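Peer 1: Dropping the sequence and predicted coords here.
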Amino acid sequence: MPQVTAVKLQKNKKRANVYLDGKFGFGIDLENLLKLKIKEGQYINESEIEKIVGISESQKIWDRLLRFVSTRPKSEKEVRDWFLRKKVTGSLADKYLRRLKRLDFIDDLKFALWWIEQRLSFRPKPRRIIEQELKVKGLKKEIIDKAFSSFQIDEYGQAKAVFEKNKLRWKNLPPDKFRIKASGFLLRRGYSWEVVKKVLSLEEE
């Protein structure tokens, strides 16, 4: 039966390396090291080692997951995509997902509200574009609609500001080409033709 011959703190000081019979055996987080009472001189059989490594790996994944969801709010799809990238199995992924929801780390409605507020505050975009972004994040239409009901978006004001900021680039063009360039530019930014027409009509007055 292998004997624990050394327990050394890793550089990050959050985990430790456990040496068995003078060779590296496994790494483990400090919380589980204390909880499992692993210490030098202790004998551990193979089945216990396997169990400890399983607990340690599970904790390592959970710690990484917490770092991932702590950087900014995440949608459920973003977390599921993280599981795929990290090759976390289905049942384990479901277990972590339930825990994240219980801890309020995942809530698609709160995520949508945060996302819309961020977009309107720092990178104003029309609703259609923000909706597409939220769909890519895996949000259902009813959640998106519910989130948007908390906001009033002035798409004309947005489009007007974008137009004023960029119109000098077309200043030397004849009026008809100016109108084509400007309208194409705003349409590509996601503004409706009605909004674009209003912006350009007022410009011509």
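Peer 2: Arrived safely, thanks for sending. Residues are numbered from 1 along each chain as shown.

Peer 1: center of the protein, which residue is that?
Peer 2: Lys74 (4.0 Å; Cα atoms, centre = their mean).

Peer 1: Could you tell me which residues make contact with that one?
Peer 2: Each residue near Lys74 by Cβ atoms under 8 Å, 6 or more residues apart in numbering is listed here: 68, 105-106, 111. For glycine as for every other residue, the C-beta is placed from the backbone atoms N, C-alpha and C.

Peer 1: By neighbours, which of those wins?
Peer 2: Tallying neighbours with other Cβ atoms under 10 Å puts Phe111 at the head of these, with 23 neighbours.

Peer 1: which secondary structure element contains that residue?
Peer 2: Element membership for Phe111 (DSSP states H and E) is helix 108-122.

Peer 1: tell me which residues in that helix are buried?
Peer 2: Buried residues in helix 108-122, counted by 16 or more other Cβ atoms under 10 Å: 108, 111-113, 115-116, 119-120.

Peer 1: between those residues, which is nearest Ala159?
Peer 2: Closest to Ala159 out of these is Leu120 (13.9 Å), distances taken as Cβ to Cβ.

Peer 1: show me what contacts the closest one?
Peer 2: Residues touching Leu120, when contacts are defined by Cβ under 8 Å, 6+ apart, comprise 151, 153.

Peer 1: Can you tell me how far it is from Gln158?
Peer 2: Shown here: Leu120 relative to Gln158, a distance of 9 Å by Cβ to Cβ, to the nearest Å.

Peer 1: Next: Leu34.
Peer 2: Applying Cβ to Cβ, one obtains 55 Å for the distance of Leu34 from Gln158.

Peer 1: for the helix or strand bottoming out on mean pLDDT in the chain, packing partners?
Peer 2: One helix or strand of the chain scores below all others by mean pLDDT, DSSP states H and E: helix 193-204, with a mean of 83. Contact here means 3 or more Cβ pairs under 8 Å, 6 or more residues apart in numbering; DSSP states H and E; on that basis helix 193-204 packs against helix 155-166, helix 175-188.
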